[in-house]
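**Student:** Sequence first, predicted coordinates after that:
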Amino acid sequence: MRLDGKVALVTGGSDGIGRAIALTFAREGAKVVIVGRDERKGKKALDELKRVGEAVYFKVDVSNPEQARRMVSDAIQKYGRIDILVNNAAICPPGNVVTTSEAIWDEVIGVNLKGVFLCSKYAIPHMQKNGGGVIVNIGSINSLMAMENEAAYDASKGGVLMLTKAMALDFAKSNIRVNCICPGAIETPMLSASLESAQDPKAARASLVQKHPLRRTGTPDEIAQATLFLATDDSSFITGATIPVDGGILAGWT
């Protein structure tokens with residue numbers, strides 16, 4: 001019960017990596033607030049969470065300033081504090097700078113980068129009042145390397161990495177640690193949708209697996225365990241760090 005007495009807010013907590021993080025935190029004793037735009041998925045995830053711990057779901061678009069502010073306010077009203085914020089919500093529509101519309105660009109930057117800014121903006125003052133806290137931003141290997149036909153996603157995740165470093169510097173004196181996890185290919189609905197959109201999904205999967213030195217994709221639980229480490233005092237001297245959980249893909253050519 002390494003998070004006993006803590007309150008954790010997980011964006012994009014209804015599915016994939018966010019859901020795995022929320023479940024792991026709940027099993028470790030945290031009261032968990034999950035947020036997401038899909039109410040059906042949110043309520044399904046909440047039912048799961050309530051079997052292992054205390055949790056609540058709020059329907060929120062993290063790119064909307066008023067909804068992000070209200071989300072934090074509602075979490076404080078429900079549990080009195082926020083000790084851990086996991087900025088996980090993200091979308092990844094395909095496209096290069098020519099084929100990506102301005103509307104899609106704005107949506108990707110809004111959810112993936114502005115959402116991190118807004119949720120942190122409203123949560124940090126409450127962490128400061130409580131004497132500190134932890135923020136874990138879920139970046140991507142795309143934070144450190146670009147991929148073809150993912151221009152908006154690449155840009156947004158690169159921004160998440162630098163925003164992590166900025167927040168770590170700005171709030172270290174407030175005892176708030178901020179770190180970034182950069183997952184490789186993880187078995188999530190987002191990955192499945194991306195592969196299914198390929199001309200040959202089976203070949204696309206084989207190619208993706210081959211790029212990882214461990215010759216497999218990762219699981220949401222593997223990201224959740226790394227997030228748990230950063231959320232506890234086991235990582236008390238780590239802030240501003242970038243931690244790849246990527247099966248070795250960033251190590252070099254294979």
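**Tutor:** Noted; the coordinates are in hand.
**Student:** Please count neighbours and contacts with C-alpha atoms only from this point.
**Tutor:** Fine.
**Student:** all strands for this protein, in order.
**Tutor:** 7-11, 31-36, 55-59, 84-87, 133-138, 176-183, 242-245 (DSSP state E).
**Student:** got the angle for the first one vs strand 55-59?
**Tutor:** Read that as strand 7-11. Using axes from the mean of the first three to the mean of the last three C-alpha atoms, to 10 degrees, one finds that strand 7-11 and strand 55-59 are set 30 degrees apart in direction.
**Student:** contacts for strand 7-11?
**Tutor:** Strand 7-11 has contacts (C-alpha atoms under 8 Å, 6 or more residues apart in numbering) with 18, 21-22, 25, 30-36, 62, 75, 79, 81-89.
**Student:** can you tell me which residues contact Gly184?
**Tutor:** Ser140, Ile141, Thr217, Gly218, Pro244, Val245, Asp246, Gly247, Ile249.
**Student:** repeat that for 6 Å
**Tutor:** Shown in contact with Gly184 (C-alpha atoms under 6 Å, 6 or more residues apart in numbering): Ile141, Asp246.
**Student:** distance of it from Leu250?
**Tutor:** According to C-alpha to C-alpha, to the nearest Å, Gly184 stands 9 Å off from Leu250.
**Student:** swap in Pro65?
**Tutor:** 34 Å.
**Student:** which residues touch Pro201?
**Tutor:** Pro201 neighbours (C-alpha under 6 Å, 6+ apart): Leu195.
**Student:** Read off the pLDDT value for it.
**Tutor:** In this model, Pro201 is scored at 88, pLDDT.
**Student:** With Glu148 instead?
**Tutor:** pLDDT, Glu148: 91.
**Student:** How many neighbouring residues does it have?
**Tutor:** 9 (other C-alpha atoms under 10 Å).
**Student:** Phi and psi next, for it.
**Tutor:** Main-chain torsions, Glu148, degrees, to the nearest 10: phi -60, psi 140.
**Student:** Ser63 now?
**Tutor:** Note on Ser63: backbone dihedrals following degrees, to the nearest 10 are phi -80, psi -10.
**Student:** What is the neighbour count of it?
**Tutor:** 23.
**Student:** same deal with the one 3 residues further on?
**Tutor:** Neighbourhood size, Glu66 [other C-alpha under 10 Å]: 12.
**Student:** Distance check, it against Leu23.
**Tutor:** 27 Å.
**Student:** next one: Val178
**Tutor:** With C-alpha to C-alpha as the criterion, Val178 and Leu23 are 21 Å apart.
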